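**Q** Provided below for reference: sequence and predicted model.
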Amino acid sequence: MSIQDTTLLRPTLHVEVAVSVLPTKADRARKLRDELKAWFVNSHESVALGRAVLPKPDYDFPDVTLVDIADYTGPPSGTGYHNVLELDLDLQVYVLQPPNLEDDNRRAITQTTEPELPHFRILVLPNVALKDEWSSLVFEDALPSRLLRYLVRMVAMMKQQGLNLATFNWNRLCLLHGPPGSGKSTLCRALAQKLSIRLGRTFTKSVLIEVNTNGMLSKYFGESGKLITSTFDNICSTAADSHTLVCVVMDEIETIAGRRERSTTGGECTDGLRATNQLLTALDRVRHLPNVLILCTSNLVTEIDQAFLDRVDIKQHIPSPSPEAVYEILRSCVNEMVRSHLIDTTPSSASKKRTRASTANSSPPPPDLVPVPSLSETHLYHLNSPTSPGARMWSLAQRCRGFSGRTLRRLPILGLAMYTWGGHISLSDAVSALEAAIEQELKVKMTVEGKGEEVVVGE
């Protein structure tokens with residue numbers, strides 16, 4: 001297979017098709033993909049990213065459950081729409097695997113008799129347990145898509161037949177670093193899921209190995225190094241099949257890749273130093289396996305050993321969400337509560353009167369009758385109405401600087417629990433509850449930073 005067959009060098013539209021059953025024979029799978037491509041080209045002239053569609057009943061695709069216009073690789077489009085006939089079409093067909101696998105809690109054997117933490121788990125990809133990870137990501141500058149493109153190109157080029165991997169110092173090692181709660185771990189798992197789909201024709205099988213670095217630390221001298229060796233033995237064993245893509249995710253990598261000069265400050269060779277040495281040796285083992293990709297995260301990049309950092313190919317800082325990203329995170333949470341009927345948007349009699357009046361004047365419906373609009377829609381239509389949910393949430397988003405994504409996704413549901421009393425909860429009530437929750441979080445944040453009096457949460 002040539003590099004042209006496995007990489008995407010022209011402007012390309014990526015379409016992902018989920019099916020309930022994938023044909024087992026290669027020729028039937030190829031025929032299904034070709035038929036889906038023909039249907040997509042015939043049915044769509046211009047498309048926008050992020051849309052999910054299904055073939056009409058007159059097409060014979062009973063096993064198709066979702067067609068996702070997932071991504072675009074190429075020069076930016078000024079309109080946000082892409083002409084299907086002017087692009088290459090990369091259509092991937094996949095089946096989501098169930099999450100309950102026998103390897104889920106697999107452990108390495110140690111010589112101790114005390115109970116230990118599972119230090120890695122294996123999931124077959126793409127997995128239903130990770131199906132919403134990608135859509136939950138909110139970053140600026142299309143960061144997830146850019147990282148996905150880098151990694152696809154990296155893996156594809158390393159698969160080039162005849163390429164002498166020893167010539168290049170390329171470890172297929174990616175480090176995402178930044179403040180806690182910025183979405184690094186979720187992004188790693190989402191990237192692994194997307195890679196298994198995007199590279200589905202290059203690799204017939206994909207697995208995710210999630211490594212618990214804290215589970216590798218042992219109070220027994222020398223045991224941490226043995227656990228690292230055992231884990232990478234399993235990685236190498238899984239990667240022995242060259243048709244299997246192995247994505248390894250290691251959170252808090254500084255736990256086992258700490259700076260060795262600190263370990264030797266007391267004049268003793270500590271277990272931390274041995275763990276770092278063993279990890280570096282293990283990484284050098286797997287760098288010659290072109291089907292292994294390692295994704296790491298760290299909140300404390302300054303505490304990582306320089307030799308490890310020197311092996312990292314992609315170092316990407318993941319910042320706290322910007323006000324624009326904060327708005328989209330809060331919006332997605334509130335709209336989900338609307339969709340699940342935690343928030344009641346059924347119009348009252350007064351709202352019906354306002355609706356009739358607004359319809360007569362050809363103006364948009366009252367803001368409390370619709371979910372929170374996108375930020376662009378808010379800027380266009382709602383900023384002149386400061387009481388609208390969009391305008392209120394944009395004001396809140398600008399106050400949440402420095403909040404982690406983890407905190408932001410907690411506050412909408414927390415506000416509903418703490419500051420409403422059941423019954424009919426309108427969209428306006430829900431935004432008021434969110435305002436109260438954010439105000440409380442800001443007080444706590446100021447207290448932690450030493451800028452205010454002590455605050456009791458829920459006060």
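**A** Nice, thanks for sending it over.

**Q** which elements pack onto the longest helix anywhere in the chain?
**A** Looking across the chain with DSSP state H, the single longest helix is helix 427-448. Helix 427-448 is packed against helix 323-339, helix 389-399, helix 405-419, with contacts defined by 3 or more Cβ pairs under 8 Å, 6 or more residues apart in numbering; DSSP states H and E. C-beta here means a position set from N, CA and C on the backbone, and glycine is covered the same way.

**Q** starting at the chain centroid, how far to the first one?
**A** The offset between the C-alpha centroid of helix 323-339 and the centroid of the whole chain comes to 16 Å, using Cα atoms, centre = their mean, to the nearest Å.

**Q** any idea of the angle it forms with helix 405-419?
**A** 40 degrees (axes from the mean of the first three to the mean of the last three Cα atoms, to 10 degrees).

**Q** ok, now the second one?
**A** With the same axes, to 10 degrees defining the directions, helix 389-399 sits at 120 degrees from helix 405-419.

**Q** pretty sure residue 428 sits against residue 389.
**A** Yes: contact between residue 428 and residue 389 holds when scored by Cβ atoms under 8 Å: they sit 6.8 Å apart.

**Q** tell me which of those two has more neighbours.
**A** residue 389 (25 against 16; other Cβ atoms under 10 Å).

**Q** low-scoring stretches of the protein, by residue?
**A** 1-9, 100-118, 218-222, 263-270, 347-370, 451-459 (pLDDT under 70).

**Q** find the centremost residue of it, please.
**A** Geometric centre of the chain, nearest residue: residue 187, 3.1 Å, by Cα atoms, centre = their mean.

**Q** what helix or strand does that one sit in?
**A** helix 184-198 (DSSP states H and E).

**Q** look up how far residue 139 lies from the nearest residue to residue 290 once chain neighbours are set aside.
**A** The shortest distance from residue 290 to any residue other than its chain neighbours is 4.1 Å, reached at residue 158 (Cβ to Cβ, 6 or more residues apart in numbering). Residue 158 sits 26 Å away from residue 139, going by Cβ to Cβ, to the nearest Å.

**Q** now do residue 431
**A** 24 Å.

**Q** can you check residue 29 too?
**A** 33 Å.

**Q** just residue 290 next, same as before
**A** 28 Å.

**Q** how about the CA coordinates for the helix or strand encompassing residue 237, as PDB?
**A** Using DSSP H and E, residue 237 sits in helix 223-238. Only the C-alpha atoms of helix 223-238 are listed here, as PDB (Å, rounded to 0.1, in the frame of the first residue of the first chain):
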ATOM      1  CA  GLU A 223       8.100  -3.000  42.000                       C
ATOM      2  CA  SER A 224       7.200   0.200  40.100                       C
ATOM      3  CA  GLY A 225       9.700  -0.600  37.400                       C
ATOM      4  CA  LYS A 226       8.400  -4.200  37.100                       C
ATOM      5  CA  LEU A 227       4.800  -2.900  36.700                       C
ATOM      6  CA  ILE A 228       5.900  -0.600  33.900                       C
ATOM      7  CA  THR A 229       7.700  -3.400  32.200                       C
ATOM      8  CA  SER A 230       4.700  -5.700  32.500                       C
ATOM      9  CA  THR A 231       2.400  -3.100  31.100                       C
ATOM     10  CA  PHE A 232       4.600  -2.400  28.000                       C
ATOM     11  CA  ASP A 233       5.000  -6.200  27.500                       C
ATOM     12  CA  ASN A 234       1.200  -6.300  27.100                       C
ATOM     13  CA  ILE A 235       1.300  -3.300  24.700                       C
ATOM     14  CA  CYS A 236       4.000  -5.000  22.600                       C
ATOM     15  CA  SER A 237       2.100  -8.200  22.600                       C
ATOM     16  CA  THR A 238      -1.100  -6.500  21.500                       C
END
